[in-house]
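Asks: sequence plus predicted model, see below.
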Amino acid sequence: MEKNPAIADIVMQCLAQSCEVFFITDAEGVIIYANPAFETLTGYSRAEVIGKNPRVLKSGENPPQVYAAMWADLKAGRQWTGRLRNRRKDGSVYLDEQRICPVKDAAGGVKYYFATRRDVTRELELEGQLGQSQKMESLGLLAGQISHDFNNLLTVIIGSMELILEDLKPGSIGHKLSTEILRSSKESTAMIKNLMVFARRHDSHPVDTVLNEPVNEMKLLLDSLLGKGISVLYDLDEALAPAKIEPENFKQAIMNLAINAKDAMDGKGAISVKTFNAGPEGLPAALIGGVYSAFEISDTGPGIPHDVLPRIFEPFFTTKPKGKGTGLGLSTVYGMVHQNGGRIFAANRREGGAVFTIYFPAAE
């Protein structure tokens, strides 16, 4: 029995110095102990939470049924494991993976609850990005095969119609119909070209480029393309590292993103264009460490609906009314960026509006 106090001291030292988050509540859920890792995770000091209920961390984003099921298990003396979206002291929301174990007295009644917590936000973000990347890769393979086959068919159709037109009398019904078939076929080749860009099946000739140069070359075109109802603000890093890209492809990506922003704002609002050096710290989870030359374009529109965000780069996916878009604009941008070794991310700004950020590895 003399060893028990020493063991208790060791246990408390382990809890205090553990990188895992531990806290203990009484049977009513009032916190009576929290280790330093709890402070690191939540931003609350132990003095601020001792004597309070863990509901201080509630974000308001969890269904009431989750808490009801949790307490039903705990009150019955059963362990509960689950994930909750909680809020830190600074207001940021994170995904909290919890395991709560009832600690019973000699009579079998619940006296305390011992809980462990772990922030799994980054893990789930990586899992989601990996799944999305795999889906886009599969779509790219499918789009590449389809575009290749259709391109061959269209080549035959266009060549044949050009020969047929030479033998038809101008102004005749046959000549008019053949002309329309030829026009439609040539328009379809543009769509096929965009699919091939998404599938990264087009020639690319990258050169060391400072992103500011193609951005500056696009200013006049963007001003005329976007119209007077939209103002464009530029914030270009003069010390921007060069990246190995194909400038013309990048210009096309800028134009597609700008047009997408214009449509989202119904032709009225502001667009911000920014370049900056990124890394090696503070990079998105999907990027490997290193230095990147980054381009960002944001707007003051309504933002991207949560259910649309995971599919926004898929070919033929569009939220525009029928006849207003092919759904290939952003997928073309995706293909161009990846063709040049970069990555593109779409998100919503806290102040409203959508933001697209492109990262190209800085040239050595």
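Replies: Nice, I can see it.
Asks: measure how buried the nearest residue to Asn249 once chain neighbours are set aside is and give me the count.
Replies: Nearest non-adjacent residue to Asn249, counting by CB to CB, 6 or more residues apart in numbering: Met336, 4.5 Å away. Where C-beta positions appear, they are placed from N, C-alpha and C, glycine not excepted. Residues near Met336, counting by other CB atoms under 10 Å, number 27.
Asks: what do you get for Thr357?
Replies: Count around Thr357 with other CB under 10 Å applied: 19.
Asks: next one: Phe360
Replies: For Phe360, the neighbour count with other CB under 10 Å is 25.
Asks: wait, isn't the residue nearest to Asn249 in contact with Gln252?
Replies: Yes: between Met336 and Gln252 there is a contact under CB atoms under 8 Å: 6.4 Å.
Asks: pull up the gap between the residue nearest to Asn249 and Gly279, please.
Replies: To Gly279, Met336 is 21 Å away according to CB to CB, to the nearest Å.
Asks: next one: Ala27
Replies: 49 Å.
Asks: what's the first helix or strand after whichever helix or strand Phe276 is part of?
Replies: Using DSSP states H and E, Phe276 sits in strand 269-278. Going down the chain from strand 269-278, the next helix or strand is strand 292-299, by DSSP H and E.
Asks: dump the residue contacts of Ile164.
Replies: Ser178 (CB atoms under 8 Å, 6 or more residues apart in numbering).
Asks: could you number the chain from 4 rather than 1 from now on?
Replies: All set: I'll call the first residue 4, so the last point we hit is now Ile167.
Asks: ranges for the strands of this structure?
Replies: Assigned by DSSP state E, the chain shows strands spanning 24-29, 34-37, 83-90, 96-107, 113-122, 210-212, 233-239, 246-248, 272-281, 295-302, 346-351, 357-364.
Asks: mind putting those strands in TSV, distance to Thr182 included?
Replies: As requested, the strands of the chain are exported to TSV (distance: least, CB to CB, whole Å):
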stretch	distance to Thr182
strand 24-29	71
strand 34-37	78
strand 83-90	59
strand 96-107	59
strand 113-122	63
strand 210-212	41
strand 233-239	37
strand 246-248	39
strand 272-281	39
strand 295-302	39
strand 346-351	39
strand 357-364	39
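Asks: tabulate those strands (CSV), appending mean pLDDT and distance to Cys17.
Replies: Converted to CSV, these look like this (pLDDT from 0 to 100; distance: least, CB to CB, whole Å):
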stretch, mean pLDDT, distance to Cys17
strand 24-29, 89, 9
strand 34-37, 91, 13
strand 83-90, 90, 22
strand 96-107, 90, 16
strand 113-122, 89, 13
strand 210-212, 94, 54
strand 233-239, 94, 49
strand 246-248, 93, 48
strand 272-281, 95, 39
strand 295-302, 96, 41
strand 346-351, 92, 40
strand 357-364, 96, 41
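Asks: can you tell me which of these is nearest to Ile161?
Replies: Smallest distance to Ile161 across the strands of the chain (CB to CB): 31.6 Å, for strand 246-248.
Asks: low-confidence ranges in this structure?
Replies: For the chain, the stretches with pLDDT under 70 are 4-8, 11, 129-152, 193-207, 319, 322-331.
Asks: domain ranges for it?
Replies: With domains defined by automatic domain parsing, the chain comprises 7-122, 128-201, 210-364.
Asks: end to end on stretch 280-289, go ahead and measure it.
Replies: Stretch 280-289 has its terminal residues 17 Å apart, counting by CA to CA, to the nearest Å.
Asks: and it, what's buried?
Replies: By 16 or more other CB atoms under 10 Å, the buried positions in stretch 280-289 come out as Ala281, Gly282, Leu286.
Asks: likewise stretch 227-243?
Replies: Going by 16+ other CB under 10 Å, stretch 227-243 has these buried residues: Leu229, Ile233, Val235, Leu239, Leu243.
Asks: repeat for stretch 54-69
Replies: Using 16+ other CB under 10 Å as the test for burial, stretch 54-69 gives Pro57, Leu60, Ser62, Asn65.
Asks: so which of those residues comes closest to Arg352?
Replies: Nearest to Arg352 among the buried residues of stretch 54-69, with distances taken as CB to CB, is Ser62, at 19.7 Å.
Asks: what's near enough to touch that closest one?
Replies: Leu87, Arg88, Asn89, Arg90, Val96.
Asks: swap the cut-off to 7 Å and go again
Replies: Neighbouring residues of Ser62 by CB atoms under 7 Å, 6 or more residues apart in numbering: Arg88, Asn89, Arg90, Val96.
Asks: same thing with Gly282?
Replies: By CB under 7 Å, 6+ apart, the residues touching Gly282 are Gly292, Gly293, Val294, Tyr295.
Asks: pull the most distant pair out of the residues you listed.
Replies: Longest span within the contacts of Gly282, CB to CB: Gly292 and Tyr295, 10.0 Å.
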